[in-house]
Every structure is written in C-alpha cells, then in structure tokens.
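Peer 1: task: produce atomic coordinates for the following.
(one chain, ligands or ions: 1)
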Amino acid sequence: MPLSLSRQARVIVQSEIRAMSIACEKIGGINLAQGVCDMDAPRPIRQGAQDGIDRGVNSYTRFDGLRELRRVIARKVRDYNGLEAHPDTDIIVSAGATGAFYCACLALLDPGDEVVLFEPYYGYHVNTLRAVGAIPTYVRLRAPDWTFTREDIERTITPRTKAIVVNTPANPSGKVFSAAELEEIAEVSHRYDLFIFTDEIYEHFVYDGRVHVSPGSLATAGERTITISGFSKVLSITGWRIGYSVSRARWAEMIGYMNDLVYVCAPALLQYGVAAGLQALGPDFYSRLRADYEKKRDRMCQALYRAGLPPHIPQGAYYVLADVSRLPGETSKQRAMYLLSQARVAGVPGDAFFHGSGGTDLIRFCFAKTDEELEEACQRLERMG
Ligand code: PLP
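Peer 2: Down below sits the predicted model:
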C-alpha cells in the first residue's frame, strides 16, 4: 500500500483564518482575522506564574489538573455559572477549551455518531468532530438575529444523533443564547437523550446588560451537559493553554483519561499561575472587561457602518460579522482579499463558518485589539466608505 494520510486527515479543512493572516502579514496589514487578544495578561496572573517558576513548579500535575486550580474553578462555576461541581471528580483541566472539547469528543462519541451544530459555526468544532469520526449536522440560524425554532433542531435529529454543540456567546455571530432558547435545547436533548457540549469560552464577554446563561445550570440539562470553558480570552492568555470541562463524574472520569492520553496534563506552571492569580481578581475586573470590549464593539460597528459594510451587532464574544455584499467579488474570499488590498485590513471570509453555500456576503472581524490598533483599522475601513 502506498504511503498516505489517514482517512480522517483528508476531511480536515485548513483554517481560512491562517491563510488570511499570512496574506495580511505579507502586505503589512492589520490582522482582524485572528481571534487572539492583544491585551496584557492581568498582573496577578503574571505574578502567579513567576512565583511558580521560583517555587519550582516543574513536574506533571495530576491528569485532571492542580488541585488548587480545580478548587478555584469549582468556586467560579458555582458563583458565575450556577453549576455544582466537585473539584476532585467533576472538573478536568485541559490544554485550552480546544483540548477540553477534543477530549470530551474522544470520551463520548463513536465514529458515525451525528452531532448537531448551529451555523454559522466555529470551524474547530466541525474539524474536531470530523477528527474523531463523528458527523456534523447543521441548524442554520436566521439572520439578522440568529434565531432558530425547536422544529429546526428536531428536523436534523436522526437515530444516530448523539449530541448538540452550543457555543454561547457564539463565534462568529456574537449570539448570546437566551435562557428560553437554552431551555428549548435542553428539552430537545432530554427528549432524544442527547449530550450537550457547550463552549462558553466567551462567557464574560456579554454586552448591553445581557447575562450569560450556562446550559448545564438548567434542571433538565445538568446530567447530560459537558460545560467547556477556559482562561485564554478572559485573561488574554491564549498561548498559555489553560481550559477545562465540567461534567458529572461518570463522564469526567473518561474525559480525564483522554486528557492524560493526549497531553498528560495542561502546562503545570501556568495552571499554578492561573490558580494563584485568579483569586486576586474581583468583580471589578470583569465589569471593566465588559465595558472595555463593549466600547471596542461599538467603535468597530460604527466604522463598518461608515465603510458601507453594515454589521450584525454582536450581543457577546468579540467578533462582528459584516455584510460585504457591496464589495466586488463572487466569493467571500474574493471580497476579503479585495478589502485587504484596498484597506489593508484582514477579516475572515464568511464561508469559513458555513457548510455548503452560505456566508458569501459576510466577513468576520475580530475587535480584541488594543485601542490604538483598532482605531487605525477603523480609520482604514472608514476611508472605504
Ligand atoms: N472556542 C471558541 C468558540 C473560540 O472562538 C476559541 C478561540 O478562538 C476557542 C474555543 C479556543 O479556546 P482555547 O484557547 O481555550 O483553546
């Protein structure tokens, strides 16, 4: 047999985000394609990691993470998410939310299982499902408010459906699922006996007084929900790779074994830094974060209006989808490349968030930038108007 890639590898699509970032770098543009936050990590977190170095935190931690960090997470999910989780049995610290989702999929899905996603989706969810041999199926959210009905979900469910993925607040739409919508999802999941995988990495980024609701906190969903989050975004430490999942012990145990198998543990020193530093951040930190990002969102949306690229105002997260139908080009990639060449600002072509046709008229911009860089990007876009 000739040498070849695995069957799974052949269905994994390379990220459009990376392609746009490379094109952007070539011309010295401003990269609003990638979802990295350019802000400094909070001082107590940095100090925590420095203390960890001095104290010689160099070894593997337990497969499910440092006890101190699991305790901090248990407190946080109780107070912020309304989840009761035991730090010794229900929480697995992973290499980012990405690692947590991958390990949950390895532990709970079989090849051929179908998993429902809301579209526009986050590409890693699709590719991770494919990597474990699962089959994504799609509920397309209706613009401009990204709504859906119970029937939309039920239509996608077959006897092979095993789970639903909920990303709230969502990348790329910025949708914050309401309690009523989540109740609907929980009821459907209960009725068809499905897992709910949630990705709540943007849980602190909610605007206009909205409240983040964790699906796992709903009475009908607790048993079947794998709650996934992490510290990449809220602490601006995307490269530290510290995330976690919370679920009932009977699921968490195997998610933990998978975590052990894939990377043994999340980076020990950085777990230490987060555990030590997080306790020093009070409610002020989170309210300032919201206010700062809401301001960035408003500035970005204002610039898009002025550029003649009307935005879908995001309710949360830190991305905005803009209507770019007035730009020349037949595909969203052509439009994104046109924008890059004219304004020297990179965004992600909308079709990266849809299967089949969809997203042709959309580009996603990330506004998690320093105020200076965001202002420069906004002015460049406004000159297009
Ligand atoms: N989930 C979503 C929806 C994201 O947008 C991202 C990053 O862009 C991640 C997860 C990655 O999280 P982490 O850095 O914790 O792996």
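Peer 1: tell me how far P283 lies from Y80.
Peer 2: Taking Cβ to Cβ, to the nearest Å as the measure, P283 falls 10 Å from Y80. Placement of C-beta: from N, CA and C, glycine included.
Peer 1: what number of residues lie near the residue of the chain found nearest the ligand?
Peer 2: Nearest residue of the chain to the ligand (Cβ to the nearest ligand atom) works out as G96 at 2.6 Å. As a burial measure, G96 scores 22 neighbours (other Cβ atoms under 10 Å).
Peer 1: give me the domain ranges for the chain.
Peer 2: 7-41+283-382, 44-278 (automatic domain parsing).
Peer 1: ok, the closest residue to Q334 other than its chain neighbours to D64 distance?
Peer 2: Excluding its sequence neighbours, the residue lying closest to Q334 (Cβ to Cβ, 6 or more residues apart in numbering) is P328, at 7.5 Å. Counting by Cβ to Cβ, the gap from P328 to D64 is 52 Å.
Peer 1: and for S247?
Peer 2: 12 Å.
Peer 1: of the two, who's got more company?
Peer 2: Comparing S247 with D64 by other Cβ under 10 Å, the one with more neighbours is S247, at 30 against 27.
Peer 1: isn't that one up against T227?
Peer 2: Yes - between S247 and T227 there is a contact at 6.8 Å, judged by Cβ atoms under 8 Å.
Peer 1: touching both of those two, which residues are there?
Peer 2: Listed contacts common to S247 and T227 are G216; contacts here mean Cβ atoms under 8 Å, 6 or more residues apart in numbering.
Peer 1: if we can go back for a sec, distance of the residue nearest to Q334 from T98?
Peer 2: For P328, the distance to T98 - Cβ to Cβ - is 36 Å.
Peer 1: the residue most central in space within the chain: what's it in contact with?
Peer 2: Nearest to the geometric centre of the chain sits I201, at 5.0 Å (Cα atoms, centre = their mean). With contact taken as Cβ under 8 Å, 6+ apart, I201 is in contact with 97, 228-230, 232-233, 243.
Peer 1: out of those residues, who has the most neighbours?
Peer 2: With neighbours taken as other Cβ under 10 Å, the top of the contacts of I201 is G230, carrying 31 neighbours.
Peer 1: beta partners for it?
Peer 2: G243 (DSSP bridges).
Peer 1: OK, contacts around it?
Peer 2: Applying Cβ under 8 Å, 6+ apart, the residues near G230 are 94, 96-97, 100, 201, 242-244.
Peer 1: try 6 Å this time
Peer 2: Applying Cβ atoms under 6 Å, 6 or more residues apart in numbering to G230 gives the contacts 96-97, 201, 243.
Peer 1: and the two most separated of those residues?
Peer 2: G96 and I201 (8.6 Å; Cβ to Cβ).
Peer 1: where does E68 fall, helix, sheet strand or coil?
Peer 2: helix (DSSP: H, G, I helix; E, B strand; the rest coil).
Peer 1: now it, nearest residue through space, not along the chain?
Peer 2: With Cβ to Cβ, 6+ apart as the criterion, E68 has its nearest non-adjacent residue at 4.4 Å, and that residue is A275.
Peer 1: can you give me the pLDDT of G35?
Peer 2: The model reports G35 with a pLDDT of 73.
Peer 1: gap between the helix or strand hosting the residue nearest to E68 and the chain center?
Peer 2: Assigned by DSSP states H and E, A275 falls within helix 268-278. Its chain's C-alpha centre and that of helix 268-278 lie 21 Å apart, by Cα atoms, centre = their mean, to the nearest Å.
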